[in-house]
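*Asks:* Predicted structure and sequence below. I'll ask about it afterward.
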Amino acid sequence: CMAPMSLHFQKAENEIVASEIRNGLYSHFAEWCARIVVHIPIFLAISLISVAPCYWMLDLNSSLERFGLFWLLQFSFLFLVESFVMLMMWLLSNVPGITNGVVDSHHFCHHH
């Protein structure tokens with residue numbers, strides 16, 4: 001139920017960012033860097049929330065150093081996947097008939 005709402009906000013945000021880049025307020029690289037800076041703390045928190053209970057419930061290792069490495073591994077995986085998704089969204093946004101990664105059925109379906 002949340003997906004259509006998030007797609008709506010994502011589309012609105014993308015339109016604003018595109019407009020600001022066209023107006024010369026900042027470059028694509030600056031926008032990418034800003035997204036990374038914003039997403040790092042979020043992904044650190046998400047990975048910690050998901051890793052901490054499982055790590056100690058499974059009694060993997062009581063060492064704080066080992067936990068830190070395990071957390072870093074999970075964070076890296078989460079960040080890699082999110083980066084891949086952002087790349088795919090950017091690539092798909094340049095394909096006709098696809099808006100924000102969603103296939104526009106009116107583009108592909110021909111009504112006679």
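*Replies:* Perfect, thanks for sending it.

*Asks:* For this structure, just list every one of the strands.
*Replies:* Per DSSP state E, the chain has strands spanning 98-99, 102-103. These are given in chain order.

*Asks:* and these, which one's lowest on average pLDDT?
*Replies:* In terms of average pLDDT, strand 102-103 trails the rest of the strands of the chain, at a mean of 48.

*Asks:* which ones are touching residue 17?
*Replies:* Remark: with contacts taken as C-beta atoms under 8 Å, 6 or more residues apart in numbering, residue 17 is in contact with residue 31. Backbone N, C-alpha and C define where each C-beta goes, glycine included.

*Asks:* For this protein, give me the ranges with low pLDDT.
*Replies:* Within the chain, the stretches falling below the threshold (pLDDT under 70) are 1-10, 90, 93-112.

*Asks:* Would you point out which residue is most central in it?
*Replies:* The geometric centre of the chain, computed from its C-alpha atoms, lies nearest to residue 82 (C-alpha atoms, centre = their mean), at 4.1 Å.
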